[in-house]
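Asks: only geometry, no sequence info:
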Ligand code: ADE
């Protein structure tokens with residue numbers, strides 16, 4: 001009975017002890033726990049597996065299953081064991097030991113983030129759950145003091161480099177099943193996306209922004225975000241990086257419209273199109289223009305050589321043979337036929353410096369229809385004046401010069417027997433403008449006709465294109481005067497005598513321009529020509545000098561118009577000077593005394609003449625740059641004549657018109 005009682009007491013004691021133990025821990029302590037020395041854990045996004053294959057029946061009834069987690073050099077290590085919760089583990093007392101899951105809480109152990117957990121079910125420490133680390137108050141206040149917003153070491157996806165199906169658009173998952181607690185609170189989560197030879201990889205890591213990542217420093221504007229926005233690595237086409245600082249934020253790789261490689265191309269393409277297309281079109285237009293210009297010039301030369309004589313010449317001459325000579329190398333409208341044109345010289349109608357002009361009869365074709373001959377003008381140069389003949393012939397040879405207000409050129413001839421060079425042109429029986437004005441007073445309409453046509457001739461000469469828009473070499477006359485303007489029977493004018501003219505070819509060198517010197521007729525010379533102070537490098541200055549001379553001719557025509565009251569006898573500009581004033585006396589007059597031909601006050605009595613006078617004044621301005629261009633004068637004259645057409649004639653004007661001759 002005593003033995004029974006003793007055993008019974010023992011049992012009761014055991015029962016009471018175990019009961020007390022149960023009361024102490026409130027939950028059922030596990031009898032079996034994972035128990036492994038530190039070994040690499042296998043971490044998923046929310047938990048880590050201890051990889052422990054050793055299960056231990058805990059020695060103490062109060063023991064719980066425990067796990068210790070830490071990370072070193074990116075490797076997560078886990079240690080599992082049975083543990084008496086009344087004892088410290090790694091110097092730290094476990095807090096919550098009654099849960100069925102092993103939920104890691106962060107404890108700073110000698111400045112390092114070590115995470116511990118405990119749980120009360122069999123082998124519950126096989127899997128540990130991750131949570132944000134907590135840091136001691138002292139550390140918190142220290143970090144607050146130094147104002148570091150990132151006080152927690154980050155939980156980031158940490159799979160290093162893995163292949164991915166992400167194509168770099170929209171939002172991609174990293175597909176990384178490892179979550180790591182970054183070693184230091186300074187580190188942020190980083191993802192990198194790369195495509196190389198069709199191989200696409202994603203890299204997920206923690207990274208300290210103080211250090212370069214793939215040679216690039218992360219930007220705080222990027223990693224201070226809780227979203228991982230992909231940005232292209234400068235100069236690398238298929239390399240994108242994002243960084244951020246919230247839990248596992250590098251799991252989602254966000255390619256925005258502008259960052260995505262494909263989208264970027266889509267963005268860049270319209271920009272390129274918008275900028276490059278107009279540029280290409282401009283280049284194309286310029287190239288085509290130059291090509292077209294070149295081809296036109298080539299064709300022109302070929303055409304000249306082929307024809308030897310233009311179609312109008314043929315109509316006059318009626319000789320097919322005359323235009324078939326293409327063998328000559330300098331055959332621009334040069335009649336090289338051994339059979340020279342059947343021309344009979346009548347009488348001299350003009351004399352120039354190096355030549356004489358004849359009225360002549362050109363025998364017409366054999367058809368017998370119409371007139372037996374055509375009246376032409378023949379300008380004859382002695383053999384010694386070959387250069388003058390050639391210069392003028394070359395000017396006439398430009399087919400683009402053809403214009404109703406430029407003397408019509410027929411052909412050139414080398415009259416070997418007579419040792420003469422000929423230029424054969426249209427004949428105008430009214431002679432030159434100077435002769436015409438000395439014999440005639442003109443009405444307002446005639447003034448407009450004569451002046452307008454003459455100015456159109458100068459504008460065409462100066463122009464870089466024909467009326468039809470074809471390219472043309474601008475030419476300056478350099479000896480404009482009323483005796484070098486011919487009057488046609490319809491009272492329009494044409495310019496003649498191009499012996500001093502100059503083609504303002506782009507091929508002309510500054511030396512050639514500089515050597516072109518002081519030429520023309522002193523009376524009509526612009527001040528800068530008289531002084532030899534022309535800007536020879538600027539081809540416009542030659543045109544400006546022509547405009548000055550043209551203004552004097554306009555004055556001559558106006559001075560003979562019957563709408564200005566008392567029309568005096570014809571006098572050339574600066575008529576008070578002797579017949580052929582020398583350069584020095586012109587300089588005194590035009591430059592020193594700033595004289596210009598007189599415009600009496602009666603010129604203001606007619607609105608048209610008044611407007612024309614102002615235009616003339618703008619053309620003979622002392623400053624060449626201030627002068628109007630010939631084209632501008634054409635437009636002014638058009639405006640003036642059409643305005644006067646619609647204006648009622650004032651009584652004053654009417655009286656002066658009635659008293660006209
Ligand atoms: N004087 C100079 N050239 C002339 C021409 N072609 N017609 C009439 N007279 C001129």
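Replies: Nice, thanks for sending it over. Computed from a prediction, not measured in an experiment: that's the story for all the values here.
Asks: Pull out the buried positions in stretch 209-217.
Replies: 209, 213 (16 or more other C-beta atoms under 10 Å). Where C-beta positions appear, they are placed from N, C-alpha and C, glycine not excepted.
Asks: Name the surrounding residues that touch it.
Replies: 186-188, 190, 192, 207, 218, 220, 223, 233-234, 239, 241, 243 (C-beta atoms under 8 Å, 6 or more residues apart in numbering).
Asks: Out of those, which end up buried?
Replies: 186, 187, 188, 190, 192, 207, 218, 223, 233, 239, 241, 243.
Asks: The fourth one sits in which helix or strand?
Replies: Spelled out, it's residue 190. Secondary structure from DSSP states H and E places residue 190 in strand 188-196.
Asks: Flag every residue of the stretch 251-400 of the chain that's near the ligand.
Replies: By C-beta under 6 Å from any ligand atom, the part of the stretch 251-400 of the chain that sits against the ligand consists of 349, 350, 357, 377.
Asks: Correct me if wrong: the third one contacts residue 377.
Replies: Read it as residue 357. Yes. Counting by C-beta atoms under 8 Å, residue 357 touches residue 377, with 5.7 Å between them.
Asks: which residues are common contacts for those two?
Replies: With C-beta under 8 Å, 6+ apart, residue 357 and residue 377 have common neighbours residue 349.
Asks: Grab the most central residue of this structure for me.
Replies: Nearest to the mean C-alpha position of the chain, by C-alpha atoms, centre = their mean, lies residue 279 at 5.5 Å.
Asks: contacting residues around that one?
Replies: So residue 279 contacts nothing (C-beta under 8 Å, 6+ apart).
Asks: roughly how far apart are it and residue 591?
Replies: As defined by C-beta to C-beta, to the nearest Å, residue 279 lies at a distance of 49 Å from residue 591.
Asks: Could you do residue 581 as well?
Replies: In terms of C-beta to C-beta, residue 581 sits 13 Å off from residue 591.
Asks: Comparing the two, which residue is more hemmed in?
Replies: residue 581 (20 against 15; other C-beta atoms under 10 Å).
Asks: Run a quick check on that one versus residue 574, I expect a contact.
Replies: Yes. If you go by C-beta under 8 Å, residue 581 and residue 574 touch, sitting 6.9 Å apart.
Asks: any residues in contact with both of the two?
Replies: 523, 589.
Asks: low pLDDT regions in the stretch 151-300 of the chain?
Replies: 151-152, 258-270, 294-300 (pLDDT under 70).
Asks: Pretty sure residue 467 sits against residue 457.
Replies: No. Contact criterion C-beta under 8 Å: residue 467 and residue 457 do not qualify, at 12.0 Å.
Asks: Which neighbours do the two have in common?
Replies: Here residue 467 and residue 457 share the contacting residues residue 403, scored by C-beta under 8 Å, 6+ apart.
Asks: Comparing the two, which residue is more hemmed in?
Replies: The neighbour comparison of residue 467 against residue 457 (other C-beta under 10 Å) goes to residue 457, with 27 against 14.
Asks: Specify the local secondary structure of that one.
Replies: helix (DSSP: H, G, I helix; E, B strand; the rest coil).
Asks: gap between it and residue 618?
Replies: Distance, residue 457 to residue 618, using C-beta to C-beta: 19 Å.
Asks: And residue 628, by the same measure?
Replies: Applying C-beta to C-beta to residue 628 and residue 618 gives a distance of 5 Å.
Asks: More neighbours: which of these two?
Replies: residue 628 (21 against 16).
Asks: So the more buried one sits against residue 636, correct?
Replies: Yes. Counting by C-beta under 8 Å, residue 628 touches residue 636, with 7.2 Å between them.
Asks: Spit out the residues that contact the two alike.
Replies: residue 615.
Asks: For the residue of the chain found nearest the ligand, which non-adjacent residue is closest in space?
Replies: Using C-beta to the nearest ligand atom, the closest approach of the chain to the ligand is made by residue 377 at 3.2 Å. The shortest distance from residue 377 to any non-neighbouring residue, by C-beta to C-beta, 6 or more residues apart in numbering, is to residue 427 (4.2 Å).
Asks: tell me the contacts of the one you found?
Replies: 349, 359, 360, 375, 376, 377.
Asks: repeat that with 10 Å
Replies: Applying C-beta atoms under 10 Å, 6 or more residues apart in numbering to residue 427 gives the contacts 346, 349, 357-362, 374-378, 407-408, 486.
Asks: Next, give phi and psi for the residue lying closest to residue 626 once chain neighbours are set aside.
Replies: For residue 626, ignoring the flanking residues on the chain, the nearest one in space by C-beta to C-beta, 6+ apart is residue 618 at 7.3 Å. Dihedral pair for residue 618: phi -70, psi -20, per degrees, to the nearest 10.
Asks: got a list of what residue 81 touches?
Replies: For residue 81, the residues meeting the contact criterion (C-beta under 10 Å, 6+ apart) are 33-37, 52, 56, 58, 63-68, 89, 125.
Asks: Filter those residues down to the buried ones and hand me the PyMOL line.
Replies: To isolate the buried ones among the contacts of residue 81 in PyMOL, judged by 16+ other C-beta under 10 Å, type:
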select buried, resi 33+34+35+36+52+56+58+63+64+65+66+67+68+89+125
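Asks: Check the contacts of residue 81 and tell me the two furthest apart.
Replies: Across those, no pair lies farther apart than 37 and 64, at 18.6 Å, counting by C-beta to C-beta.
Asks: Just give the closest residue to residue 473, not the sequence neighbours.
Replies: Counting by C-beta to C-beta, 6+ apart, residue 473 lies nearest to residue 503, which is 4.9 Å off, once chain neighbours are set aside.
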